[in-house]
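Novice: Any chance you can model this:
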Amino acid sequence: MSKVTIFENTCKGCGLCVTVCPKKILFMDSSSINSKGYNPAKVSDEEKCISCAMCALMCPDCAIKVEK
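Specialist: I've put the predicted structure just below:
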């Protein structure tokens, strides 16, 4: 099983991770604001994650870590 960690206070809400996720399990959380004033990314269903780490590779701020 995969573990996706999103460092919410590092995320600037660009949404690039959402666009590259093949399983479409990432979303921008409009109900939450981080310390920088952005809506951070969240994982909707971690069990569907295939550990491809495309989200982590795409993130310009290294705000995502994917572990198997």
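Novice: Am I right that Cys21 is in contact with Met54?
Specialist: Yes - contact criterion C-beta atoms under 8 Å: Cys21 and Met54 qualify, at 6.5 Å. (C-beta placed from N, C-alpha, C; glycine too.)
Novice: Could you check which of the two has the larger neighbour count?
Specialist: Between Cys21 and Met54, counted using other C-beta atoms under 10 Å, Cys21 has the larger neighbour count: 22 against 19.
Novice: show me what contacts the residue most central in space within the chain?
Specialist: The centre of the chain sits closest to Ala41, judged by C-alpha atoms, centre = their mean, with a distance of 4.6 Å. For Ala41, the contacting residues are 6, 11, 13, 15, 17-18, 26-29, 55, 63-64, by C-beta atoms under 8 Å, 6 or more residues apart in numbering.
Novice: again, only using 10 Å
Specialist: Residues near Ala41 by C-beta atoms under 10 Å, 6 or more residues apart in numbering: 4, 6-8, 11-18, 21, 26-29, 55, 59, 63-64.
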